[in-house]
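Undergrad: build the 3D model from these lines:
(chains A and B)
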2 protein chains.
Amino acid sequence: MNSTYKEAASEYARTATVDEEREMDRKTLANAIRALSIDAVEKANSGHPGAPMGMADMAEVLWNDFLRHNPKNPNWANRDRVVLSNGHASMLLYSALHLSGYDLTIDDLKNFRQLHSKTPGHPEYGHTAGVETTTGPLGQGITTAVGMALGEKLLASEFNRDGLSIVDHHTYVLVGDGCLMEGISHEAASLAGTWKLGKLIALYDDNGISIDGEVKGWFSEDVAGRFRSYGWQVIDGVDGHDASAVAAAIAKAKADTEHPTLICCKTVIGFGSPAKAGKESVHGAPLGKDEAAATKAALGWNHDAFVIPDEVYKAWNASVKGAEAEAQWNALFAKYEAAHPDLAVEFKRRGEGRLPANFEEVVKAFLSKEQPAKEATRKTSQRVLGELKAALPEMLGGSADLTHSNLTNWSGMKSVQPGANGGNYLHFGVREFAMAAIMNGLQLHGHYRPFGGTFLVFSDYMRNAMRLSALMKLPVIYVLTHDSIGLGEDGPTHQPVEHVPSLRLIPDLDVWRPANVEETLVAWSEALKRKDGPSAFILSRSNIDFTPVTDLSAVAKGAYVAVEPSRKAEQLIIATGSELPLAIEAAKQKNASGGAVRIVSMPCAERFDRQDAAYRESILNVPYANRYAIEAAHPGLWAKYAPFENIIGIDSFGASAPGELLMKHFGFTVENLLKRLG
Amino acid sequence: MNSTYKEAASEYARTATVDEEREMDRKTLANAIRALSIDAVEKANSGHPGAPMGMADMAEVLWNDFLRHNPKNPNWANRDRVVLSNGHASMLLYSALHLSGYDLTIDDLKNFRQLHSKTPGHPEYGHTAGVETTTGPLGQGITTAVGMALGEKLLASEFNRDGLSIVDHHTYVLVGDGCLMEGISHEAASLAGTWKLGKLIALYDDNGISIDGEVKGWFSEDVAGRFRSYGWQVIDGVDGHDASAVAAAIAKAKADTEHPTLICCKTVIGFGSPAKAGKESVHGAPLGKDEAAATKAALGWNHDAFVIPDEVYKAWNASVKGAEAEAQWNALFAKYEAAHPDLAVEFKRRGEGRLPANFEEVVKAFLSKEQPAKEATRKTSQRVLGELKAALPEMLGGSADLTHSNLTNWSGMKSVQPGANGGNYLHFGVREFAMAAIMNGLQLHGHYRPFGGTFLVFSDYMRNAMRLSALMKLPVIYVLTHDSIGLGEDGPTHQPVEHVPSLRLIPDLDVWRPANVEETLVAWSEALKRKDGPSAFILSRSNIDFTPVTDLSAVAKGAYVAVEPSRKAEQLIIATGSELPLAIEAAKQKNASGGAVRIVSMPCAERFDRQDAAYRESILNVPYANRYAIEAAHPGLWAKYAPFENIIGIDSFGASAPGELLMKHFGFTVENLLKRLG
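TA: Residues are numbered from 1 along each chain as shown, chains lettered A, B, ... in the order given. Below you'll find the predicted structure:
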């Protein structure tokens, strides 16, 4: 430990003062986080003690002085949200949740990083009460927090009424320098500034250390200046170990309701460790038995591992205060309910994630209208969402600056303007990754069903946020248009080849590639009905010849028989999207000349795989060797259903040329299919 | 056209003045770009006229006043680089290349966006002389330019000698607001500032319009302030249609050799179009016949489509000036050669991408040392690269802040410090996407063989840049460690499941998942020998029990027989990486009790697929139904080689727990394999 840190620690211990309100030295309260973090990492022999030790004072002030939450009801709609963007500091969050009274016992902390425990290595949403979002992949936490703060602001403008502010809370995010290096932090911060998310408060743990060492070698930017350029209030130069300074900064942040605030807190990573404070070595490994003991001694913490004195528990416990806060809000909501009964019903419905009662009727009504014989599925999707949107005000759309290409817009939509004082359509700008993580935040915040569009090829830019949608089981909807080489002249940089199968590889993501009106409609309705995971729609830029389907329930099973030969099927072709008409035409020709070809349309392979064996067998009961597949994408995954050599796909990059010509050039033709069938 | 733009255009036409040097009104020179762009987009009936029309003046000044290049030798090592980051403005680049004398004819321009033409929708490296990098996916162009400027700076510090600056050129990048919204622009600009890339000059086409309309609705940040926070020189408020102002700004940019420069040029998208200038409608669609004519009339351009007057060609042509510039450099290099013959030889060798003559010996020598019985392949990789690096000074390593985890470092490495005045190891910070695009830029600039590391799961963050490595056929090397759920306690956010197969789906990317010393060594040596595409190494965090291999040439084929039973094989298991020892043990047990199981190690499926049919058959000649595969990743792609139900993989997210326990929990055991074999 160099002298600076040594001095800092001893000064810290010396200046312990009693906080009158909670009759407890607040440094002791912060040390409880440090001790639990040290102990849990030590016991797991794995984890990240440095950041929790460095951020303990910031967290203690936030939780004990500012946070409006009720540990006994982590789902209270109007709670403040806290996001730990640097998720590796998970023991900070687990400690604060445990100490403040959430359903997280000391035994849970002892099981840190063990199978089936409530305390996994990084915080996981849905796994642990009080964890608002899954973090770990850097930069996404702060972006998801932007989504939550946006959700709060839009929801407030939609539901609050004269003196009845039922939506009125803050979103806090703890963020490290790793998050701020990531590109997505730029996208998120820029949008937060434009949207004037005044109730978003970020506490930056500026400890000067990342895994490679002292960040000055690769992170020399003026962070404060950068955030000011985004229109944030920046409170710079705060001593992150000085509770009064942190408290003053948060108070100042709350006072500015026009701008999001970044509070730059200078801290020491691994604060308190005589040998490791301020060093990279304390970031991602246990302190070791001796150093753990030395650290506790230096901090004046004289308790056995995992032992927290009762008075510390008492001072931290937020259950009473939290119950009071929620009771106050319940009283407010009761007034609201009396004054605006319909709005209150709607607020509750949306909060519970229930679709409107007439949802199925609206879906069916769509098909009662005359439908075109051919259309680009992006256009079909737009018509569907226009109808559904009219019945589902919770739908909140957007695009990463491709609105008129993705057709994620609808007639009567209202763009969210700078300031974000209402609206139902989000212009994300050219920021795919932020779009996805913000959608996650909106979904987590509740009351909205976000969907967002970009070109399929640029799903690459937001892939890890799509993965987090899936990992968190969030029913976010991705509208991905320009689905294949068929998009034409924009060329290989814009033509997806590997993207459809690579999205199918993400666990729990439903990937729909519809081929007609009914499949597009079912994709939307099933995605909206889904409660346990995201959906992605893969939509064509160009017209597809439609073959109408009568049985929507079969479509919802992910695959169905589109053409059945007059006698027992001997051959079978699986097709999706724009290749379905080719397969149908090939079957028509082959069957007219004595063949017996079945066509299976498989708009969503993941759903098909979830059906029971009997259904799957009823669709696929043709010998494996006689099955074929066609899709304008990499063929690899179809080998599950048909021999690899029977698959017509594309495993090279595309080219710049008119789309129809490219489809022929790369072999997506009826002739080629017939040749394969023999 | 609103009055502002109308006034601007008429003012522009009115103030046409003769440039004495080239005896030509330079607005006419710029209008040549506009006319060609209008004509080509019109003929293709597809494309983006707005940006070329808006940036024509900037480009004219850059090309005609500043650029040191030789159109007759686009590979001249010391040429200035120009990157068009907003690649949809491709007709700007094609026009400038055509006009200045590159091998790009007027017929090539007439074939804009047609199959096999030299003028695809977005610029493609390797396809068109003078195109320095493939652009289109926004934000990557400027980042690749950062890589080029870094390459220039490092190479200069490595090779330049007293008065003999053989490496001394600028990198120019044209960038739109879409690029600056993307997160990667933050990563790139931050690093460029830290590295003090004083010869990087970005011209920002600030036209206030993106696809969704006026950017003020979603892009309200202070761009100048933001770039100043990164340590850039910012020249703000330049009229992008005033050639003198642009020229003065570029001159000022060149004068500051300490800081990269951003020149903010206010422009009008679709400049000159009476009806569409300043509007989104001119961004991505042809003007239409009438508006094209009206635009040319407004600009005073009185020539038929694709007709450029001789005097315009003459004023633009850079062949003579370029040949002189290269001749001067050749003379300088001759002096250098005389003074430093060894360095000159080395400079040429590296410029031509030739490996050292003793490369194969160095590779073989590695195996003559004693090798451990077990090791994490990330550690093996580190040992290999330490040896190879000693013989290959062109290897330039780095990591996205995971050096001590990726083990991309070696003894004796020299970190590139802020200022980038030398070194051979890059600390990218937590910036995966920029790392990949910068590696592309380093490779394109030449003389270096970049490799960079991160956790496999975070390949998601840089996936589209990996795709561009492949599309450009750049032999960049990705070192991706922590390869599966086997990494353990960090949990599902850090555990790759879908990543190995999803990388295998990217065309022309070789994905290696080695299982022992020899496979790791061959992965490195083959990746370095490769000239036509990138390689990714998938490496384990934990120890693998090694089975040595004697025939390295078999390993280089991507798959080989690791265990052959004493009688004709009846069953076959394909395995990779950490699962190979499980397969070998299962075969041992099964074969000891009368079985006949062959084990195929397949470290690189893509290479195996490129072998001739005879080799593939010699490896796989066991009936399909009796083949099995095991890999701790999503099983989907293995169905090509073995029935889906015979594959042991993982198609759900992982969990936080010790790695060995997880491997058992998810079924990666000898027992499970034996059960499958029956």
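Undergrad: pLDDT on stretch A:444-462, on average?
TA: Mean per-residue pLDDT for stretch A:444-462: 98.
Undergrad: cool, and stretch A:488-499?
TA: Taken as a whole, stretch A:488-499 has an average pLDDT of 98.
Undergrad: and that stretch, does that touch chain B?
TA: Yes: looking at stretch A:488-499 against chain B by C-beta under 8 Å from any C-beta of the partner chain, the contacts come from A:488-494, A:497-498. All C-beta atoms are positioned from the backbone trio N, CA, C, and that covers glycine.
Undergrad: just put the residues you listed in CSV and tack on secondary structure.
TA: Putting the residues of stretch A:488-499 next to chain B into CSV (DSSP: H, G, I helix; E, B strand; the rest coil) gives the following:
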residue, secondary structure
A:488, coil
A:489, coil
A:490, coil
A:491, coil
A:492, coil
A:493, coil
A:494, coil
A:497, coil
A:498, coil
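Undergrad: can you tell me which two in these are farthest apart?
TA: Greatest spatial distance in the residues of stretch A:488-499 next to chain B: A:489 and A:498, 20.5 Å, computed using C-beta to C-beta.
Undergrad: how much space separates residue A:595 from residue A:628?
TA: 12 Å (C-beta to C-beta, to the nearest Å).
Undergrad: of those two, who's got more company?
TA: Ranked by neighbour count (other C-beta atoms under 10 Å in any protein chain shown), residue A:595 and residue A:628 place residue A:628 first, with 26 against 19.
Undergrad: restricting to C-alpha, output the strand or helix carrying that one in CSV.
TA: Residue A:628 is part of strand A:627-630, with elements assigned from DSSP states H and E. Output in CSV follows, covering the C-alpha atoms of strand A:627-630 (Å, rounded to 0.1, in the frame of the first residue of the first chain):
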residue,chain,number,x,y,z
ARG,A,627,-35.9,-34.0,-46.6
TYR,A,628,-34.7,-30.7,-48.0
ALA,A,629,-34.5,-27.1,-46.9
ILE,A,630,-34.2,-23.8,-48.6
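Undergrad: how far does the helix or strand following it sit from its chain's centre?
TA: Reading on from strand A:627-630 to the C-terminus, the next helix or strand found by DSSP H and E is strand A:647-648. Here strand A:647-648 is found 34 Å from its chain centre; the criterion is C-alpha atoms, centre = their mean, to the nearest Å.
Undergrad: got it, and stretch A:433-442?
TA: Distance, centroid of stretch A:433-442 to centroid of chain: 6 Å (C-alpha atoms, centre = their mean).
Undergrad: strands along the stretch 551-678 of chain A, start to end?
TA: Taking DSSP state E, counting those that start in this stretch, the strands of the stretch 551-678 of chain A run over residues A:560-563, A:571-575, A:597-601, A:627-630, A:647-648.
Undergrad: now the stretch 51-200 of chain A
TA: Using DSSP E, counting those that start in this stretch, strands in the stretch 51-200 of chain A cover A:81-84, A:171-176, A:200-206.
Undergrad: chain B: which of the ones you listed is closest?
TA: Closest approach to chain B among the strands of the stretch 51-200 of chain A is made by strand A:171-176 (9.1 Å; C-beta to the nearest C-beta).
Undergrad: how about the spatially most central residue of chain A, what does it touch?
TA: Closest residue to the average C-alpha location of chain A: residue A:440 at 3.1 Å, with C-alpha atoms, centre = their mean. Counting by C-beta atoms under 8 Å, 6 or more residues apart in numbering or on different chains, residue A:440 touches A:133, A:140, A:144, A:147, A:465, A:468-469, A:472, A:474, A:476.
Undergrad: one more: residue A:653?
TA: Counting by C-beta under 8 Å, 6+ apart, residue A:653 makes contact with A:492, A:495, A:497, B:470-471, B:507-508.
Undergrad: restricting to C-alpha, output the helix or strand hosting residue A:348 in PDB.
TA: Element membership of residue A:348 [criterion: DSSP H and E] is helix A:341-351. Provided in PDB are the C-alpha atoms of helix A:341-351 (Å, rounded to 0.1, in the frame of the first residue of the first chain):
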ATOM      1  CA  PRO A 341     -60.800   5.100 -12.300                       C
ATOM      2  CA  ASP A 342     -60.200   4.100 -16.000                       C
ATOM      3  CA  LEU A 343     -56.600   5.300 -15.900                       C
ATOM      4  CA  ALA A 344     -56.000   3.400 -12.700                       C
ATOM      5  CA  VAL A 345     -57.300   0.200 -14.200                       C
ATOM      6  CA  GLU A 346     -55.100   0.700 -17.200                       C
ATOM      7  CA  PHE A 347     -52.100   1.500 -15.100                       C
ATOM      8  CA  LYS A 348     -52.600  -1.800 -13.200                       C
ATOM      9  CA  ARG A 349     -53.200  -3.800 -16.300                       C
ATOM     10  CA  ARG A 350     -50.100  -2.600 -17.900                       C
ATOM     11  CA  GLY A 351     -48.100  -3.000 -14.700                       C
END
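Undergrad: ok now that helix, how far from the chain's centre?
TA: Computed by C-alpha atoms, centre = their mean, the chain-centroid distance of helix A:341-351 equals 25 Å.
Undergrad: identify each buried residue in it, please.
TA: A:343-344, A:346-347, A:350 (16 or more other C-beta atoms under 10 Å in any protein chain shown).
Undergrad: likewise for stretch A:251-260?
TA: Quick answer for stretch A:251-260 (16+ other C-beta under 10 Å): A:253, A:259-260.
Undergrad: now do stretch A:579-589
TA: A:579-587, A:589.
Undergrad: C-terminal to the helix or strand hosting the residue nearest to the centre of chain A, what's the next element?
TA: Assigned by DSSP H and E, residue A:440 belongs to helix A:432-445. Next along the chain after helix A:432-445, taking DSSP H and E as the criterion, comes strand A:449-455.
Undergrad: how about residues contacting that next one?
TA: Here strand A:449-455 makes contact (C-beta under 8 Å, 6+ apart) with A:147, A:385, A:392, A:394-400, A:402-403, A:405-408, A:426, A:428, A:432, A:435-436, A:438-439, A:442-443, A:461-462, A:475-482, A:494, A:496, A:528.
Undergrad: tell me which of those fall in strands.
TA: Of the contacts of strand A:449-455, the ones assigned to strands by DSSP state E are A:395-399, A:426, A:477-481.
Undergrad: among those, which two are most distant?
TA: With C-beta to C-beta as the measure, no two of those lie farther apart than A:396 and A:481, at 18.6 Å.
Undergrad: would you list the phi and psi of residue A:415?
TA: Backbone torsions for residue A:415, taken as degrees, to the nearest 10, come to phi -70, psi 140.
Undergrad: could you work out the most separated pair of the contacts of residue A:653?
TA: A:495 and B:508 (14.5 Å).
Undergrad: which one's more surrounded, these two?
TA: residue A:495 (28 against 19).
Undergrad: not counting sequence-adjacent ones, nearest residue to the more buried one?
TA: With C-beta to C-beta, 6 or more residues apart in numbering or on different chains as the criterion, residue A:495 has its nearest non-adjacent residue at 3.6 Å, and that residue is residue A:654.
Undergrad: which of the contacts of residue A:440 has the largest number of neighbours?
TA: Among these, residue A:144 has the most neighbours (other C-beta under 10 Å), with 36 neighbours.
Undergrad: that one touches residue A:133, doesn't it?
TA: Yes: in this structure, residue A:144 is within contact of residue A:133 by C-beta atoms under 8 Å, at 4.9 Å.
Undergrad: any common contacting residues for these two?
TA: Here residue A:144 and residue A:133 have A:83, A:440-441, A:444 as joint contacts, going by C-beta under 8 Å, 6+ apart.
Undergrad: between those residues, which is closest to chain B?
TA: Nearest to chain B out of the shared contacts of residue A:144 and residue A:133 is residue A:440 (C-beta to the nearest C-beta; 13.0 Å).
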